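Student: sequence first, predicted coordinates after that:
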Amino acid sequence: MLLSCSQAGQIVGAADAELPLPQNFQLHFNHRDSGRYQSPLTGQWRNGDNLEEQLIRQIHTANEEVLMAIQELTLPQIAKALIRAKKRGVRVQVVLENNYSRPWSEQHPSDLSAHGRRRHQQLQLLADSNRDGRLTAEERLAGDAIALLKRAGVAIIDDTEDGSRGSGLMHHKFLVVDQSLVITGSANFTSSGMHGDAGAARSRGNVNHLLSIRSPELAGLFREEFERMWGDGPGGEHNSRFGRGKTSPGIQAVQVNGIQIDVLFAPHSKQFPGHGLELITEQLAAAKQSIDMALFVFSAQTLTNVLAKRMAAGIDIRLLADPGFASRSFSEVLDLLGLELPDRFCKLEAGNQPLKTPLQTVGSPRLARGDKLHHKFAVFDNKTVITGSFNWSPAAAHTNDETLLVIHSPKIAEHFTREMDRMWRGAELGITPHIQRKLERQRAKCGRGLQRY
């Protein structure tokens, strides 16, 4: 079907049938084919679920308490929902990552890194509500989520509240409402994490999901994690705890309507039994038929070693990775493809073990420029799901504040498998042109590279 250049085309036909969800579960994907919403960026209808709208609805239901631990929050409408909750008498507390806890409207681009300057420019574009290319003081404030929260007196801390310069990353992405509802997943609460980038008409945002679970028992575990970080709040006795300064328990299991959910809050030492990478290893090793993975970061050599054994056992394996990360020198995607890539210093990763027989079912989805595959999920045997904020990396296991969930539910697994199938259609498999070009550039510069020890 062809339409005029000024009108977005769409595929006409039967939408995928709605899949059932267990009671007390909701699951939303911002790129799924069977959902539609009107983009707040462009005003046009697009495929996917409006993750921002889901969060605002849940905050609106709060009567007593909203606890939010999020790496980055830049969406003003979420900030306004939190402020409205505070005005209703709801206790609102927010934990942020220290790199994103200062109002952007108070920053000057010359003081920022290259990444910070790009972020600042994007936030300015988003704040320009009348699109006239000039920001008024009113637009700056209205477009700055953190400034709005601070002006309203919402209690905020970051991972320097313990008196340190910050943990590895405060990488959590969760919300606890009224000690009974948990919302978590892969999405940061930003436009690029949900809707897309300003000034990029084709952008649809990083590929993400949010999972809502109503369970006082599960909410209790998340609330305990929040309290470990919060301590006595801002300006207190520095008894907040983050990263390895925090005493993180091991795996905790709860039942939600007969569904077992295993919960692990990172980080842990490498000697801690059952740390995050070991939990993932157990699930990989237990798979009998199939393993599907959709990962933003995959840099743990130990997990590649396990996957090699599962390949040898005849398990069906599919991996989709973010195209930008997949070609980095320390990416395990390269190992699965049987490749080694020298870094910018012409050094090879220490202990690298690329597969002698490459895995053919490895690839990257085709995404708009600037968008990322930001999921961190896996599905095992169509009945078990791993999800959360936890990237498959040593940093996630041993340094960062992270959430890792293992959900034992075929119904939940079916939803994640549908998302995997959606991305798989049209994905680039094997050694993509982007990876090939990078290999050729590095080999021309470095030869085969020097081994690190």
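Tutor: Looks like it came in fine.
Student: for the host helix or strand of Leu221, which outside residues touch it?
Tutor: Per DSSP states H and E, Leu221 falls inside helix 216-230. Here helix 216-230 makes contact (C-beta atoms under 8 Å, 6 or more residues apart in numbering) with 67, 69, 93, 95, 157, 159, 170, 172, 174, 176-177, 179-182, 184, 240-242, 246-248, 252, 254-256, 261, 263, 265, 401, 403. Bear in mind the C-beta positions are built from the backbone N, C-alpha and C, glycine included.
Student: got it, and stretch 84-99?
Tutor: 59-60, 62-73, 82-83, 146, 149, 152-160, 165-166, 169-172, 226, 229-230, 233.
Student: what about these, which are in helices?
Tutor: Ile59, His60, Leu82, Ile83, Ile146, Leu149, Phe226, Met229, Trp230 (DSSP state H).
Student: which one of those residues is nearest Phe298?
Tutor: Nearest to Phe298 among the ones in helices among the contacts of stretch 84-99: Met229, at 26.5 Å, using C-beta to C-beta.
Student: what's the neighbour count on the residue nearest to the closest one when sequence neighbours are not counted?
Tutor: Distance criterion C-beta to C-beta, 6 or more residues apart in numbering; nearest residue to Met229, sequence neighbours excluded, is Val95 at 5.2 Å. Neighbours of Val95 under the rule other C-beta atoms under 10 Å: 26.
Student: list the buried ones in the helix or strand containing Val95?
Tutor: Assessed by DSSP H and E, Val95 sits inside strand 91-96. Judged by neighbour count using 16 or more other C-beta atoms under 10 Å, the buried positions of strand 91-96 are Val92, Gln93, Val94, Val95, Leu96.
Student: pull the most distant pair out of those.
Tutor: Farthest pair in the buried residues of strand 91-96, by C-beta to C-beta: Val92 and Leu96, 13.2 Å.
Student: just to revisit the earlier point, now list the buried members of the contacts of helix 216-230.
Tutor: Buried subset of the contacts of helix 216-230 (neighbour count, 16+ other C-beta under 10 Å): 67, 69, 93, 95, 157, 159, 170, 172, 174, 176-177, 180-182, 184, 240-242, 246, 248, 252, 254, 256, 261, 263, 265, 401, 403.
Student: give me the domain ranges for this protein.
Tutor: With domains defined by automatic domain parsing, the chain comprises 25-230, 250-451.
Student: redo those domains as a markdown table? Include mean pLDDT.
Tutor: As requested, the domains of the chain are exported to a markdown table (pLDDT from 0 to 100):
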| stretch | mean pLDDT |
| --- | --- |
| domain 25-230 | 96 |
| domain 250-451 | 94 |
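Student: present the ones you listed as TSV; the columns should include distance to Leu19.
Tutor: Formatted as TSV, the domains of the chain follow (distance: least, C-beta to C-beta, whole Å):
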stretch	distance to Leu19
domain 25-230	9
domain 250-451	6
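Student: those domains: which one's closest to Glu18?
Tutor: For the domains of the chain, proximity to Glu18 was assessed by C-beta to C-beta; domain 25-230 is nearest, at 7.0 Å.
Student: how far off centre is the closest one?
Tutor: For domain 25-230, the separation from the chain centroid amounts to 12 Å (computed by C-alpha atoms, centre = their mean, to the nearest Å).
Student: ok, residues contacting whatever helix or strand comes next after the strand holding Val95?
Tutor: Later in the chain than strand 91-96, the nearest helix or strand by DSSP H and E is helix 114-127. For helix 114-127, the external contacting residues (C-beta under 8 Å, 6+ apart) are 41, 74, 104-105, 107, 109, 112, 135, 139-140, 142-144, 191-192, 197-199.
Student: next one, pLDDT for the nearest residue in space to Ile157 that is not next to it in sequence please.
Tutor: Distance criterion C-beta to C-beta, 6+ apart; nearest residue to Ile157, sequence neighbours excluded, is Pro234 at 5.1 Å. For Pro234, the model assigns a pLDDT of 95.
Student: distance of Pro234 relative to Leu307?
Tutor: Separation of Pro234 from Leu307 (C-beta to C-beta, to the nearest Å) stands at 44 Å.
Student: now Arg418
Tutor: According to C-beta to C-beta, Arg418 stands 23 Å off from Leu307.
Student: the more surrounded of these two?
Tutor: Counted by other C-beta under 10 Å, Arg418 and Leu307 do not tie: Leu307 has more neighbours, with 26 against 15.
Student: before we move on, the earlier item: want to throw the buried residues of strand 91-96 into JSON lines with distance to Gly116?
Tutor: As requested, those are exported to JSON lines (distance: C-beta to C-beta, whole Å):
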{"residue": "Val92", "distance to Gly116": "27"}
{"residue": "Gln93", "distance to Gly116": "26"}
{"residue": "Val94", "distance to Gly116": "21"}
{"residue": "Val95", "distance to Gly116": "21"}
{"residue": "Leu96", "distance to Gly116": "15"}
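Student: going by distance to Arg204, which of those wins?
Tutor: Nearest to Arg204 among the buried residues of strand 91-96 is Leu96, at 25.2 Å by C-beta to C-beta.
Student: what sits opposite the closest one in the beta ladder?
Tutor: For Leu96, the beta-bridge partners are Ile70, Asp158 (DSSP bridges).
Student: what distance do you get for it to Arg310?
Tutor: 38 Å.
Student: follow-up on the earlier one: among the buried ones among the contacts of helix 216-230, which are located in strands?
Tutor: For those, the ones inside strands are 67, 69, 93, 95, 157, 174, 176-177, 181-182, 184, 252, 254, 256, 261, 263, 265, 403, with DSSP state E as the criterion.
Student: show me the contacts for the closest residue to Gln252 other than its chain neighbours.
Tutor: With C-beta to C-beta, 6+ apart as the criterion, Gln252 has its nearest non-adjacent residue at 4.8 Å, and that residue is Val263. Residues near Val263 by C-beta under 8 Å, 6+ apart: Leu218, Leu221, Phe222, Ile251, Gln252, Ala253, Val254, Thr403, Leu404, Leu405.
Student: from Val256, how far off is Val263?
Tutor: Separation of Val263 from Val256 (C-beta to C-beta): 11 Å.
Student: show me what contacts Phe416?
Tutor: Phe416 sits next to Asp292, Ala294, Phe377, Val379, Val385, Thr387 when contact means C-beta under 8 Å, 6+ apart.
Student: at 6 Å what do you get?
Tutor: Phe416 makes contact with Phe377, Val379, Val385 under the criterion C-beta atoms under 6 Å, 6 or more residues apart in numbering.
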